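**Q** compute the structure for the input listed below.
(chains A, B, C and D)
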There are 2 protein chains.
Amino acid sequence: MLNSIIMNLEDLSKHLKLSQTTVSRALNDFPEVSEKTRSRVKSAAQKFGYRPSHHAARLAKGKAMAIGHVVPLAEHAMINPHFADFIAGAGDVYAQHHYDMHISVVNSDEEESLYRDLARSGKVDGVVVHAPQINDYRIPLLKELQLPFIVHGRCDDSTPDYAFLDINNKRAFSRATEYLIDLGHQRIALLNGLETMSFAVRRKLGFIAAMEKHNLCCDPALMVQQEMIEPTGYAFTKQILALPEPPTAMMIASMLSAMGAMRAIQEVGKKVGEDISIIVYDDQLSFLQNSGEIPLFTSLRSSIREAGKTVATQLIQHIQQPDNVLPQIIWDAEFVIGNSTQRLQH
Amino acid sequence: MLNSIIMNLEDLSKHLKLSQTTVSRALNDFPEVSEKTRSRVKSAAQKFGYRPSHHAARLAKGKAMAIGHVVPLAEHAMINPHFADFIAGAGDVYAQHHYDMHISVVNSDEEESLYRDLARSGKVDGVVVHAPQINDYRIPLLKELQLPFIVHGRCDDSTPDYAFLDINNKRAFSRATEYLIDLGHQRIALLNGLETMSFAVRRKLGFIAAMEKHNLCCDPALMVQQEMIEPTGYAFTKQILALPEPPTAMMIASMLSAMGAMRAIQEVGKKVGEDISIIVYDDQLSFLQNSGEIPLFTSLRSSIREAGKTVATQLIQHIQQPDNVLPQIIWDAEFVIGNSTQRLQH
DNA sequence: TTGTATGCGTTATCAT
DNA sequence: ATGATAACGCATACAA
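**A** Numbering: from 1, shown residues only, chains lettered A, B, ... in the order given. Purely as a prediction, here's the structure:
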């Protein structure tokens, strides 16, 4: 390959003594081009390492062939550990469909302006909305801008129609809580995520529904909403284990929190499963595997990477065929029995 | 704002009864435009929600105003948990400088082709090379393609000149190992990362250098190279604790592995710090904080998010002023005493 | 099956 | 201080 020369379509067509049109058609696999010409063109392109100018092609076509992801992030804020796996799944799909992935890291106060720019500048053909909030302003904004989008997660139910992929978090948590109750547990703690996140609200609703159905009380001292990381899981678990009447079971909203909870439990000399039962929501992050023949934790699980794939696929389909209306998808989390739950011993 | 209409430069200039040239100059803050005209143009642009077409501007300027990041990823492979924090740091800098971040997820076998496309298509003005390997083919490739790049990490020393930002991993590990030796430890385990990664090789070199300096033997049974995640840390630690002569201290290459090691240690009824000392390399991932007044772990630490910022800054500087040659930067990891190390008890 | 001419929406050059 | 006109490098409607 002759990489010292950078060729454009004009150079290449002159070299081949063909028109730019024909060369363009040959490279883009138009059917009317003769096989002979096509192979001649393609091998020349290969030889010279020709690649069409991205921006020229996009300008001519009027399509960005790119999807945007916006990551709101204050200076010292935590970046959501789920993000990488979601991106990996979505990025995989983009690559297959020859779409580009455009990621913007942005201060919260500039976020609206960013969405406007994304829509009007033609940088992207659509966006994925991450971390939906209660009553999220982005849904009406994106509708106004007429920029195709799909939400990973859900806003509250009062929000008008929009496309999303979400887990049935309420059902997942009510079901798992009932499982603990069936095992005889009555004092059950809820280690939840921040309640600005709609998934956390739904999980709490599911938890409460199960408890109330069985006439059990939700002790506020056993419930917390906080960032789902190891240290917070550790601290809260330490705290509730020191209560006069500690819980015998816990519902935990993430693997990272569960790691912290486990550390706290072991530190006070108790055993997960035997002395205290745990069910954890497992997003199957690639670096936090809860697998094996019998997994460490009894868990609710769904793959966030698969979610990324599905969201990306749906959005691309819609962009390519706008009459193909974006769906509302709700997945049920899988419930997997592991080693962290046992019948309550008396 | 009137968002129903999408205006381009021509529309806007006609509305203002000015030439496109003047409008463009006003919006791009050229000095020759009168203040009166500029403010008139800008407020009209604001009013109509005008944003210049991204691809048209890029085509005209001949610059992509974008930086690429390539994430090689097989179907079921793990995505590096460090990636998100690095991206957060880099993305922050891109936003400040009005650069776009372009991320490609790619199968390893298509990676070379992707780099060629990135370079020739003008999609990006430069790339960040992640996870450098021993004798990494990407360095000569990117040089051949004349695409500006900077490596996060380092290849082996035989590789010709290239720009990078790396930690002095060898010194970090030799220093920390010596600290353990000074505390009286002699049987020290090394829980390292995969040895295809150059940082793991350097860390091992540092470990061995310290041990040999003090005439201590590096028992192969106490050393492992594996993916740095919780389950592998757990399994290896379980294994070495069951040896007839278990180690009294461990050097661990990541926080995730250390979480696993801690779980194994607690499970056999021993205490981190008291019964076994641990020093961990802490990349300060935002979701794995090892902070507090006295941190849980004695650690070597450096912020991967800061690394992302610095790498991005350097690359942008070089792209904007190519005579501003890309540097080779080596940071020393900070050594912080926490609660996981103690003098060996006899 | 191939070629000609034009458009995409900017920025840059050269006038005025 | 402002304007007319020409790139930028493709894709595409229309012609042959």
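
**Q** strands of the stretch 51-200 of chain A, start to end?
**A** Taking DSSP state E, counting those that start in this stretch, the strands of the stretch 51-200 of chain A run over residues A:66-72, A:100-106, A:126-129, A:149-152, A:164-167, A:188-192.

**Q** can I get those in JSON lines with mean pLDDT?
**A** Converted to JSON lines, the strands of the stretch 51-200 of chain A look like this (pLDDT from 0 to 100):
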{"stretch": "strand A:66-72", "mean pLDDT": "95"}
{"stretch": "strand A:100-106", "mean pLDDT": "95"}
{"stretch": "strand A:126-129", "mean pLDDT": "97"}
{"stretch": "strand A:149-152", "mean pLDDT": "96"}
{"stretch": "strand A:164-167", "mean pLDDT": "97"}
{"stretch": "strand A:188-192", "mean pLDDT": "98"}
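
**Q** out of the ones you listed, nearest to DNA strand C?
**A** strand A:66-72 (15.9 Å; Cβ to the nearest atom of the strand). Glycine gets a C-beta too; all of them are placed from N, C-alpha and C.

**Q** so which residues make contact with the host helix or strand of A:K47?
**A** For A:K47, the element it lies in under DSSP states H and E is helix A:35-48. Helix A:35-48 has contacts (Cβ atoms under 8 Å, 6 or more residues apart in numbering or on different chains) with A:1-2, A:5, A:7, A:12, A:15-16, A:18, A:22-23, A:26-27, A:29, A:33, A:50.

**Q** which residues of the stretch 51-200 of chain A lie near DNA strand D?
**A** A:52-53, A:56-57, A:59-61 (Cβ under 7 Å from any atom of the strand).

**Q** quick one, what contacts the most centrally placed residue in chain A?
**A** Centroid-nearest residue in chain A, with Cα atoms, centre = their mean: A:F86, separated by 4.1 Å. Residues near A:F86 by Cβ under 8 Å, 6+ apart: A:130, A:152, A:304-305, A:307-308, A:311.

**Q** how far away is it from DNA strand C?
**A** Using Cβ to the nearest atom of the strand, to the nearest Å, we find A:F86 at a distance of 32 Å from DNA strand C.

**Q** now swap in A:I278 and tell me
**A** Counting by Cβ to the nearest atom of the strand, the gap from A:I278 to DNA strand C is 56 Å.

**Q** anything in the helix or strand where that residue lies near chain B?
**A** Using DSSP H and E, A:I278 falls within strand A:277-282. No: Strand A:277-282 is not in contact with chain B by Cβ under 8 Å from any Cβ of the partner chain; minimum separation 12.6 Å.

**Q** who's in contact with that strand?
**A** With Cβ under 8 Å, 6+ apart as the criterion, strand A:277-282 contacts A:172-173, A:176-177, A:179-180, A:183, A:185, A:203, A:248-255, A:257-258, A:261-262, A:272, A:288, A:290, A:297-301, A:333, A:340-342, A:344.

**Q** in strands only, show me those.
**A** A:249-252, A:298-301 (DSSP state E).

**Q** among the residues you listed, which ones lie close to chain B?
**A** Counting by Cβ under 8 Å from any Cβ, nothing from the ones in strands among the contacts of strand A:277-282 sits close to chain B.

**Q** ok, now which ones touch the residue of chain A found nearest DNA strand D?
**A** Residue of chain A nearest DNA strand D, by Cβ to the nearest atom of the strand: A:L9 (2.7 Å). Neighbour list for A:L9: A:20, A:23-24, A:50, A:52 [criterion: Cβ under 8 Å, 6+ apart].

**Q** find me the pLDDT at A:S19, would you?
**A** Per-residue pLDDT puts A:S19 at 94.

**Q** from what I can see it touches A:S13, true?
**A** Yes: using Cβ atoms under 8 Å, A:S19 is in contact with A:S13, at 6.0 Å.

**Q** before we move on, the earlier item: name the residues of the helix holding A:K47 that are buried.
**A** A:38, A:41, A:44-45, A:48 (16 or more other Cβ atoms under 10 Å in any protein chain shown).

**Q** tabulate those (JSON lines), appending pLDDT.
**A** Compiled in JSON lines, the buried residues of helix A:35-48 are given as follows (pLDDT from 0 to 100):
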{"residue": "A:R38", "pLDDT": "95"}
{"residue": "A:V41", "pLDDT": "96"}
{"residue": "A:A44", "pLDDT": "95"}
{"residue": "A:A45", "pLDDT": "95"}
{"residue": "A:F48", "pLDDT": "94"}
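
**Q** using CSV, list the CA coordinates for stretch A:177-193.
**A** The C-alpha atoms that make up stretch A:177-193 are tabulated as CSV, following Å, rounded to 0.1, in the frame of the first residue of the first chain:
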residue,chain,number,x,y,z
THR,A,177,-38.7,-9.5,48.5
GLU,A,178,-41.5,-12.1,48.6
TYR,A,179,-38.9,-14.8,48.2
LEU,A,180,-37.2,-13.6,51.3
ILE,A,181,-40.5,-13.4,53.2
ASP,A,182,-41.3,-16.9,52.1
LEU,A,183,-38.0,-18.0,53.7
GLY,A,184,-39.3,-16.6,57.0
HIS,A,185,-37.5,-13.2,57.0
GLN,A,186,-39.5,-10.3,58.4
ARG,A,187,-36.9,-7.7,59.2
ILE,A,188,-35.6,-6.9,55.7
ALA,A,189,-33.4,-4.0,54.8
LEU,A,190,-33.4,-2.1,51.6
LEU,A,191,-30.1,-0.7,50.3
ASN,A,192,-31.4,1.3,47.4
GLY,A,193,-29.9,3.7,44.8
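
**Q** good, we can wrap up now.
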